[in-house]
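Peer 1: Okay, sequence plus prediction incoming.
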2 protein chains.
Amino acid sequence: MSKPQISFPQEQCAECPIRHRAVCARCESDELEKLESIKYYRSYEAGQTIVWAGDKMDFVASVVHGVASLTQTMEDGRRQMVGLLLPSDFLGRPNREAAHYDVTATTDVQLCCFRRVPFLEMLDTTPHVSQRLLEMTLDELDAAREWMLLLGRKTAREKIASFLTIIARREPSFQNTVGVGQVAFDLPLTREAMADYLGLTLETVSRQMSGLKRDGVIRLEGKRHIVIPDFEVLMDETGDDSDGGVLD
Amino acid sequence: MSKPQISFPQEQCAECPIRHRAVCARCESDELEKLESIKYYRSYEAGQTIVWAGDKMDFVASVVHGVASLTQTMEDGRRQMVGLLLPSDFLGRPNREAAHYDVTATTDVQLCCFRRVPFLEMLDTTPHVSQRLLEMTLDELDAAREWMLLLGRKTAREKIASFLTIIARREPSFQNTVGVGQVAFDLPLTREAMADYLGLTLETVSRQMSGLKRDGVIRLEGKRHIVIPDFEVLMDETGDDSDGGVLD
DNA sequence: CGCCCCATTGAGTGGATTCAACTCTGGTGG
DNA sequence: CCACCAGAGTTGAATCCACTCAATGGGGCG
């Protein structure tokens, strides 16, 4: 229960791994200084709850390391994940006191937190922050809309395949490659969390993973490590258009 | 085919029905003047396509009258609605040339369009616009997350009931009432569009509507006019928490 | 070792889909 | 005027995909 705190290196902004992608991406050095004065780091172990829906939330944050999830729960226990926050993603609504969703660390997580009220003031005075936040929010909205297509119309197998491509694409190792050929990564989620993400049961997730493995689309090494021999073959299983998609 | 153009009154900003809720809500009169110089109105008949996914889009817009929908279509024809735009809602991504989704007028629609590039410049120079746009985008993201819960975890009956409450809540007539007792409104969507919204088939939509009618939860007058004798009874069918929800 | 947690697999059920027939309404033209 | 048609909606019967309930497998840790 009272394990030793996870310790990530306490970064300076200058060496921050998410410096160029997070909400602070466009800041000049003087703006960074201002942000630095209202920021602090926090760490959470895998499985810990970061905030409960309805709780007062006196900070907003960037995910520096690890993966966190937003979930909604119905009275009878049905659960749906509604957000998956990877490094550089933003957590919280500046002009809202209380959280709307449960936020959970699905792996060990380090957050770079900003005190909410000062951050809110910075939004008004620092266009580089508010512009970036708008851009990130619009990107999240697009992601949510892809997700809605997945939830509403895709088969279980397509859901799994789509999920794997989503995770693979955000892997640092993937960014270098052309997006063809072999890809490998660790799943940051349990089968149950995957089920919550995809609107399935954990048994269905397990069955479909086995199916993709049986058909040679993926290889499983241990429970969590995934090897994709040919990324295009996986893409064909997602149900999405084959053309590369629209550029920004 | 070449029906007479629908004509909505060509509003001045001062008398605009969405003046206080749209992206321009916080503007001062000098800012409104600037907006007015880059704006123009456009009307579409019910059923018309406003933009196709992938098309170049040289404007962004506010919905003034009517209802428009964003939809995604898979290669084999499966369709999912991913956005429903009611009066005052915002359409388009300022810093994106091409549309990501099909946009369709589901009723007769009037848009207040802003030329995209000048609007983009205004975002940089007019905090009242960019602040409001951020707020609206965050609201849409919240709505998308509710929608994801609906798509991923709710039963067909709960989906229909939830949809009806969503429409009812945004009815002007509803705003006055306390949110109890009788409510009545016209559905702005066909059964097929409802199915696309809810991730169902149109047959299932029809069956569940009949079910709610049989059980006295709703009354149908014609195909489109809905009467809800007791809003709380409908709420109980949505599967959502009974407590009023979180305030902003 | 033995326990716990996560994951896999199997058998049977059920809710939503598919395919198909039918109804209702409004509009058009003979 | 009304017969006819097209489009939207309803209803029925059979099917199927994912769910539920239940048993089993396997790895890590006290």
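Peer 2: Received it, and whenever you're ready, just let me know what you need.
Peer 1: which residues sit in contact with A:Tyr41?
Peer 2: When contacts are counted by C-beta atoms under 8 Å, 6 or more residues apart in numbering or on different chains, A:Tyr41 is found next to A:8, A:10-11, A:64, A:110-113. C-beta: built from backbone N, CA, C; applies to glycine.
Peer 1: Can you list the buried residues in the helix or strand harbouring it?
Peer 2: For A:Tyr41, the host element (DSSP states H and E) is strand A:39-44. Within strand A:39-44, the residues that qualify as buried are A:39, A:43-44, counting by 16 or more other C-beta atoms under 10 Å in any protein chain shown.
Peer 1: which one of those is nearest DNA strand C?
Peer 2: Nearest to DNA strand C among those is A:Tyr44, at 15.4 Å by C-beta to the nearest atom of the strand.
Peer 1: What pLDDT is listed against the closest one?
Peer 2: Note on A:Tyr44: pLDDT of 95.
Peer 1: what's the nearest residue to it if we skip its chain neighbours?
Peer 2: Beyond its immediate neighbours in the sequence, the residue positioned closest to A:Tyr44 (C-beta to C-beta, 6 or more residues apart in numbering or on different chains) is A:Ala105, lying 4.0 Å away.
Peer 1: now A:Thr201
Peer 2: Among residues not flanking A:Thr201 along the chain, A:Ala195 sits closest, at 5.6 Å (C-beta to C-beta, 6+ apart).
Peer 1: secondary structure element for that neighbour?
Peer 2: Counting by DSSP H and E, A:Ala195 is part of helix A:191-198.
Peer 1: which one is the residue nearest to the spatial centre of chain A nearest to, not counting chain neighbours?
Peer 2: Closest to where the C-alpha atoms of chain A average out (C-alpha atoms, centre = their mean) is A:Leu85, at 2.4 Å. Nearest non-adjacent residue to A:Leu85, counting by C-beta to C-beta, 6+ apart: A:Ala68, 4.4 Å away.
Peer 1: That neighbour: what's it in contact with?
Peer 2: Contacts for A:Ala68 (C-beta under 8 Å, 6+ apart) come out as A:44, A:50, A:84-85, A:91, A:103-106, A:109, A:111.
Peer 1: Worst mean pLDDT across the helices and strands of chain A, which element?
Peer 2: Ranked by mean pLDDT, DSSP states H and E, the weakest helix or strand in chain A is helix A:172-176, scoring a mean of 76.
Peer 1: Show me what it is packed against.
Peer 2: Of the remaining helices and strands, those touching helix A:172-176 by 3 or more C-beta pairs under 8 Å, 6 or more residues apart in numbering or on different chains; DSSP states H and E are strand A:183-186.
Peer 1: Run through who's touching the strand it packs on.
Peer 2: Outside of strand A:183-186, the residues that reach it under the criterion C-beta under 8 Å, 6+ apart are A:167-168, A:171, A:173-174, A:177, A:224-228, A:231.
Peer 1: so what's A:Arg219 closest to, chain neighbours aside?
Peer 2: Computed as C-beta to C-beta, 6+ apart, the closest residue to A:Arg219 that is not its neighbour in sequence is A:Val227, at 4.1 Å.
Peer 1: buried residues in the least confident helix or strand of chain A?
Peer 2: Under the neighbour-count criterion of 16+ other C-beta under 10 Å, helix A:172-176 has A:Phe174 buried.
Peer 1: Could you list the residues in contact with that helix?
Peer 2: Looking at what lies outside helix A:172-176 - C-beta under 8 Å, 6+ apart - the contacts are A:168, A:183-185.
Peer 1: how about a cut-off of 7 Å?
Peer 2: When contacts are taken as C-beta atoms under 7 Å, 6 or more residues apart in numbering or on different chains, the neighbours of helix A:172-176 outside the stretch itself are A:168, A:183, A:185.
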